[in-house]
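One predicted model, sequence on top.
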Amino acid sequence: MLVVLKFLHFISFSVAIGGGIANMIVGIRASRLEPQAAVPLRLAQGAIGKASTLSLIVLWITGLWMWATVYAGQAALGTAFHVKMAAVLVLTAISINLNVSVMRALKANKPPSVQLVKISGMGMAAMALVAVFAALMEFT
C-alpha cells in the first residue's frame, strides 16, 4: 500500500508542478494577444489549473495518509519535515488565492491580473522547490 501512496504522491506532484509551468507559459502567450484571441488559451489555463488543483488535493491526501500510517502522525519528525510542511502550506495558500482570483476574473469576462499570475507562479515554484529539497533532506 505504501508503494501505491508514494506513486500517487509523486505523480500528483509532477502534475501539479507541470501544470503550474504550463499555465505560466500559456499565460505569457495569452497576455500578448488581444483579449478575444486569448480566450482559447484562457480556457486551457482553466483546465490545466483544475488538474493542478486536483493534484494538490491528492498530494495532501496521500501525504497525510503516509504521515499517519508510516509515522503514526508523529510531530517529532525532523526540522526539514516542518520546513517542507510550511512550504506546502504557503504553496497551497498561494494556489487557492490564485484560483479564486482567476475564477472571479473569468466570471467577470476579464483576463486575470498578469502581475498576480506572475508573482503567484514564482511563489509556488519557489515553495515547490523548498518542499522537494526539504523532503529529500528529511526522508533520505
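Nice, thanks for sending it over. None of these values were measured; they are calculated from a predicted model.

Contacts only, for residue 118.
24, 27 (Cβ atoms under 8 Å, 6 or more residues apart in numbering). C-betas here are computed from N, CA, C, even on glycine.

Show me what the mean pLDDT comes to for whichever helix in the chain runs longest.
Assignment by DSSP state H gives helix 39-70 as the longest helix of the chain. Mean per-residue pLDDT for helix 39-70: 90.

Give the buried residues for that helix.
Residues of helix 39-70 classed as buried: 41-42, 44-45, 48-49, 51-53, 55-56, 58-59, 62-63, 66-67 (neighbour count, 16 or more other Cβ atoms under 10 Å).

from the chain's centre, how far out does that helix sit?
7 Å (Cα atoms, centre = their mean, to the nearest Å).

all numbers from here: first residue = 4
That works, and once the first residue is 4, the last one we named lands at helix 42-73.

Against which helices or strands is that helix packed?
helix 5-34, helix 82-110 (3 or more Cβ pairs under 8 Å, 6 or more residues apart in numbering; DSSP states H and E).

what's the pLDDT at the residue nearest the centre of the chain?
For the chain, the residue nearest the mean C-alpha position is residue 19 (4.9 Å; Cα atoms, centre = their mean). pLDDT, residue 19: 91.

Also the one 3 residues further on?
pLDDT recorded at residue 22 is 91.

What residue, apart from its backbone neighbours, is nearest it spatially?
residue 55 (3.3 Å; Cβ to Cβ, 6 or more residues apart in numbering).

does that neighbour really touch residue 15, like I thought?
No: between residue 55 and residue 15 there is no contact under Cβ atoms under 8 Å: 9.6 Å.

All set now, cheers.
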